[in-house]
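In: compute the structure for the input listed below.
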Amino acid sequence: MEALTELVGTVGEYVWYVVFAVLIGVGLYLTIRTKAIQLRGIPEMFRVLTDPAGEEGGRKGISSFRAFTVSAAARVGTGNIAGVAIAITLGGPGAVFWMWVIAAIGAASAFAESLLGQLYKVKTADGYVGGPAYYMERGLNKRWMGVLFAVIITVTYGFVFNSVQSNSIVDAVSGSFNVDVSDGQNTWLRVVLGLAVVALTAAVIFGGIRSISSVTQVLVPVMAVLYLVLGLLVVVLNITEVPAVLAMIIEGAFGIREFVTGGLIGVIIQGMKRGLFSNEAGMGSAPNAGATASISHPAKQGFVQSLGVFFDTMLVCSVTAFIVLLSNPAFGDKRQGASLTQTALGMQLGDWAVHFLTIAIFMFAWSSVIGNYYYGESNVRFMTPSKLAMNVYRFAVLVSVFMGSVLALDLVWSLADLFMAFMATLNLIALVMLAGVAVKVLQNYMEQRKAGVEPVFKAGDVPGIRGLSAWDGTDTVTLPIFWEQRDRDKAAPRG
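Out: Residues are numbered from 1 along each chain as shown. Reported below is the predicted structural model:
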């Protein structure tokens with residue numbers, strides 16, 4: 001079994017080298033096609049983040065911010081804490097710089113995929129649903145491609161990655177309290193924690209996207225702010241060392257100073273690899289959450305999800321990087337990576353910080369569980385409308401969460417990495433084929449902004465786009481009068 005796991009891991013590593021190259025290539029292509037919308041559109045990202053949700057049939061929709069927090073919940077996980085530390089130990093401080101670069105490039109892919117997810121979303125009794133499977137079917141007229149994508153993302157995120165997250169929770173808690181859970185010892189802790197995570201997850205996921213988003217819109221900002229405050233505290237306590245750390249990052253990024261073996265190429269690979277795994281730009285995951293939003297124009301969710309890439313990498317991952325680098329770590333030891341952040345915090349702030357980080361890991365991991373779950377739910381809906389199938393999926397997710405807490409599933413995790421590479425490839429092919437559509441919709445948005453009106457969109461506004469079903473004018477947020485009334489309300493004197 002160990003030999004098979006090693007073989008799958010090796011194959012997956014080489015496959016991912018190709019996928020990384022394609023991800024970067026597509027990101028650069030979309031950056032050119034959209035005229036670097038991920039950079040010039042930063043002010044717009046913040047402007048639309050707090051837009052109100054629309055209403056259809058007397059029912060309030062999911063706001064853009066709530067949809068953003070669902071994708072952020074899945075995106076911001078233990079990789080932001082342990083994964084960044086591993087990237088630094090293997091690639092040196094320079095890996096942080098290339099992590100930033102890939103975020104800037106990948107945000108263009110995030111914009112395009114989330115715009116398309118919104119454009120081709122469909123209505124259900126519970127609200128909107130969409131994602132890559134939907135724009136593959138409706139935009140490319142390739143249902144087979146959508147079904148293949150849906151199967152891979154449901155298995156990978158709904159089952160395997162959720163088992164990884166629950167396993168991370170057990171490791172963090174056991175490490176915090178010095179309880180040895182290796183080699184079958186103290187199995188009771190694994191069982192108790194597994195049941196606790198299952199109970200918390202079940203309480204949320206059976207309520208669908210509304211229940212999930214109501215949790216994430218509170219949990220994500222709270223956990224992000226607490227973690228950022230902790231990181232800023234470390235920076236402030238070591239403020240005189242910050243210039244030296246920044247110099248280390250730049251020197252390592254361009255090979256001016258070598259911190260690890262493997263040279264400049266190894267540094268670039270480690271930084272980009274961690275950045276892509278962390279923010280997931282272009283992989284086809286975040287659009288599943290972004291498509292649930294009730295907004296006035298598809299481009300708005302593109303802006304919001306691009307902001308999510310910057311939030312994940314430029315803020316959360318960077319905080320981890322500074323915590324680690326300010327502790328003067330030893331480079332080149334992979335085994336040190338996973339515990340390095342915890343050790344660094346303890347050294348900087350005392351033992352209480354180690355326990356705080358345990359809580360943070362728990363929150364990050366559990367929010368990822370419910371976010372990952374929704375990616376599967378969205379794609380199960382694509383494959384079948386059966387309520388029985390949905391409930392079977394939900395129970396299977398709970399079983400996976402529990403199994404991940406009590407078993408080591410190295411082979412399954414290696415296979416998941418391989419499947420994720422195929423999933424990303426399918427999505428990138430679709431993005432390139434639909435890039436022209438995304439650019440036209442973006443142009444429609446920018447023309448309305450230049451005209452001084454709040455952009456709204458209806459099917460038929462951009463000639464030549466087929467397969468749209470949600471943009472029929474029945475959602476109040478897509479009506480100009482909705483925004484005119486909002487402007488009047490803002491202008492009206494209070495009191």
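
In: strands along the stretch 1-150 of the chain, start to end?
Out: Here the stretch 1-150 of the chain has its strands, by DSSP state E, counting those that start in this stretch, at 55-56, 59-60, 122-124, 127-129.

In: just give me the lowest mean pLDDT stretch among the ones you listed.
Out: Among these, strand 55-56 carries the lowest mean pLDDT, a mean of 60.

In: quick one: mean pLDDT for stretch 488-495?
Out: Stretch 488-495 comes out at a mean pLDDT of 63.

In: and what of stretch 12-25?
Out: 81.

In: likewise for stretch 237-245?
Out: 85.

In: alpha carbons of that stretch, as CSV, please.
Out: Written as CSV, here are the backbone C-alpha positions of stretch 237-245 (Å, rounded to 0.1, in the frame of the first residue of the first chain):
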residue,chain,number,x,y,z
LEU,A,237,6.5,43.1,18.6
ASN,A,238,9.2,42.6,16.0
ILE,A,239,8.8,45.8,14.0
THR,A,240,12.6,46.5,13.8
GLU,A,241,13.0,43.1,12.1
VAL,A,242,10.4,43.6,9.4
PRO,A,243,12.7,45.4,6.9
ALA,A,244,15.2,42.5,7.2
VAL,A,245,12.4,40.0,6.6
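
In: how about it: buried residues?
Out: Neighbour-count burial for stretch 237-245, counted by 16 or more other C-beta atoms under 10 Å, picks out Asn238, Val245. For every residue, glycine as well, the C-beta is placed using N, CA and C.

In: what's next to that stretch, contact-wise?
Out: Pro93, Val235, Phe322, Leu325, Leu326, Gln348, Leu349 (C-beta atoms under 8 Å, 6 or more residues apart in numbering).

In: drop anything exposed from these.
Out: Buried among those by 16+ other C-beta under 10 Å: Pro93, Val235, Phe322, Leu325, Leu326, Gln348, Leu349.

In: mind putting the contacts of stretch 237-245 into CSV with secondary structure and distance to Phe111?
Out: Output for these, formatted as CSV (DSSP: H, G, I helix; E, B strand; the rest coil; distance: C-beta to C-beta, whole Å):
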residue, secondary structure, distance to Phe111
Pro93, coil, 29
Val235, helix, 30
Phe322, helix, 27
Leu325, helix, 30
Leu326, coil, 33
Gln348, helix, 36
Leu349, helix, 37
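
In: export the residues you listed to CSV and tack on distance to Lys142?
Out: CSV is the format used below for these (distance: C-beta to C-beta, whole Å):
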residue, distance to Lys142
Pro93, 44
Val235, 48
Phe322, 44
Leu325, 46
Leu326, 49
Gln348, 52
Leu349, 52
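
In: now, which of these sits nearest Phe457?
Out: Phe322 (40.8 Å; C-beta to C-beta).

In: touching, that closest one and Gly231? I think so.
Out: Yes: using C-beta atoms under 8 Å, Phe322 is in contact with Gly231, at 6.1 Å.

In: contacting residues for Arg33?
Out: Arg33 touches Ala435, Ala438, Val439, counting by C-beta under 8 Å, 6+ apart.

In: show me what contacts Tyr478?
Out: Heads up, residue 478 is Thr, not Tyr. Contacts of Thr478 by C-beta under 8 Å, 6+ apart are Gly54, Ser296, His297, Val456, Phe457, Lys458, Trp471.

In: out of those, who's nearest Leu23?
Out: The nearest member of these to Leu23, counting by C-beta to C-beta, is His297 at 26.6 Å.

In: any idea how far that closest one is from Pro455?
Out: 4 Å (C-beta to C-beta, to the nearest Å).

In: find the residues that touch each one of the two.
Out: Asn444, Tyr445, Gln448.

In: scan those and report the most crowded one.
Out: Tyr445 (24 neighbours; other C-beta atoms under 10 Å).

In: contact partners for the closest residue in space to it that isn't next to it in sequence?
Out: Sequence neighbours aside, Ala299 is the residue nearest to Tyr445 in space, at 3.9 Å (criterion: C-beta to C-beta, 6 or more residues apart in numbering). Taking C-beta under 8 Å, 6+ apart, we find Ala299 in contact with Leu115, Val441, Leu442, Asn444, Tyr445, Pro455.

In: mark which of these are part of helices, please.
Out: Leu115, Val441, Leu442, Asn444, Tyr445 (DSSP state H).

In: quick one: pLDDT of the last one?
Out: You'll see Tyr445 listed with a pLDDT of 94.

In: returning to what we had before: of the contacts of Arg33, which belong to helices?
Out: Those of these lying in helices (DSSP H): Ala435, Ala438, Val439.

In: which one among those residues gets closest to Tyr157?
Out: Using C-beta to C-beta, those come closest to Tyr157 at Ala438, 23.7 Å.

In: what about that closest one, distance to Leu479?
Out: 24 Å.

In: more crowded one of the two?
Out: Neighbours per residue (other C-beta under 10 Å) separate Ala438 from Leu479, with Ala438 holding more: 27 against 16.

In: OK, contacts around the more buried one?
Out: Ala438 neighbours (C-beta under 8 Å, 6+ apart): Leu30, Arg33, Thr34, Phe111, Ala112, Leu115, Leu116, Leu119, Gly302, Leu431.

In: so what's it closest to, chain neighbours aside?
Out: Counting by C-beta to C-beta, 6+ apart, the residue nearest Ala438 is Ala112, at 4.6 Å.

In: how about Pro480?
Out: Val456 (5.8 Å).

In: tell me, how many residues neighbour the one you found?
Out: 22.

In: ok, now which ones touch it?
Out: Applying C-beta under 8 Å, 6+ apart, the residues contacting Val456 are Ser296, His297, Gln448, Val477, Thr478, Leu479, Pro480, Trp483.

In: dihedrals phi and psi, it?
Out: Note on Val456: backbone dihedrals following degrees, to the nearest 10 are phi -130, psi 160.

In: so what pLDDT did it get?
Out: 89.

In: one more: Gln270?
Out: The predicted local confidence for Gln270 is 66.

In: what distance do you get for the residue nearest to Ala438 to Trp188?
Out: 48 Å.
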